[in-house]
Each structure stands twice: as C-alpha cells, then as structure tokens.
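Novice: Quick one, fold the following:
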Amino acid sequence: MNQLSKYSIVAAALAGITFSASQVAAHHAFSAEFDAESPVLLRGKVTRVEWINPHAWVHIEQIKEDGTRVAWMVVGGTPNTLLRGGITKKPLLPGTEIIVRGYQSKDKNCVPSCKANGRDITFTDGRKLFMGSSGTGAPRDGSDPG
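Specialist: As a prediction, the model looks like this:
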C-alpha cells in the first residue's frame, strides 16, 4: 500500500467520524432544548417546511393581536414519522394557516426565529395531526396517539 492510499484511508475514516458525531449532536432529547413549563399555542401561516433528518421543521409566521409578526421554527418528528401520521407536504404548502400546540425552547431566543417543539397541528378544516413529540421526553398530556 503506498503512502497516498494510507492517507486516503485515514482521511475517509476521519470524515466518517466527524459526520457521525455531528449527526449525534444534532439529535437531542426534548429536555435538552425545550421547556415543558412553557407551552405555546401558535396560529399562523406556513412560510416553509424542511423535510430533513433527524427532524422536520415547519416555519410559520404568527401575527399577534397588536399586529406584530413573529417567525417560528417548529420541530416535529422525523419526516417518516410525520408521513406515517398523515402530515405530508401537500397540506403544509406556504400560505396554509395552521394552529400548532407545543413547547418553547428553553433559551426563549427569537433571533432570527423563535423555536418550539411541535405537539400537534390543527388545520382550518378541523383536522388535528400529531407532530411526533412522544418518546423524546415531551410531556404526555393524554392526546398522544395509541
């Protein structure tokens, strides 16, 4: 084995370790980032949805009673979990009005957006779908599926 091959193997191994570590750091328990004592009820329009692993993100713009606009990033389960629960890309198109029940991040930092862990989504037609917070340490309130 020549010197270049040895360096290639070492570089590939280091890249794999780095990637794996970043994936583990990105996947966290509810209690690490969100506050079970800070429930939120958000009504707003979808601005964007990120169907990425390990968690999908629904971005909404909430308009408060005083007219101010607040951007929210709401984390849900994995894209696969959401799809199995009935949450697909089609009903979450930009401009769709939804109500999200969840829990705000511990840091309460709203720059550039406020963050919340989504419990469930209610659509204007009354459909209510679970966003996949169970099993991550989110509080159980009796509305968990099955």
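Novice: Could you spell out the sheet neighbours of the top strand by length along the chain, each with its direction?
Specialist: Counting residues, the longest strand found in the chain (DSSP state E) is strand 34-50. Take DSSP bridges as the rule and strand 34-50 pairs in its sheet with strand 57-63 (antiparallel), strand 97-105 (antiparallel).
Novice: Quick one: closest of these to G126.
Specialist: Closest approach to G126 among the strands paired with strand 34-50 is made by strand 97-105 (10.4 Å; CB to CB). The C-beta positions use only the backbone N, C-alpha and C, and glycine is treated the same way.
Novice: Using CSV, write out the CA atom coordinates for that closest one.
Specialist: Extracted in CSV, the C-alpha atoms of strand 97-105 (Å, rounded to 0.1, in the frame of the first residue of the first chain):
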residue,chain,number,x,y,z
GLU,A,97,-53.0,28.6,8.0
ILE,A,98,-52.4,26.2,10.9
ILE,A,99,-52.5,26.1,14.7
VAL,A,100,-49.6,24.5,16.4
ARG,A,101,-49.5,23.4,20.0
GLY,A,102,-46.1,22.8,21.5
TYR,A,103,-43.4,23.9,23.9
GLN,A,104,-41.0,26.9,23.5
SER,A,105,-37.2,26.5,23.6
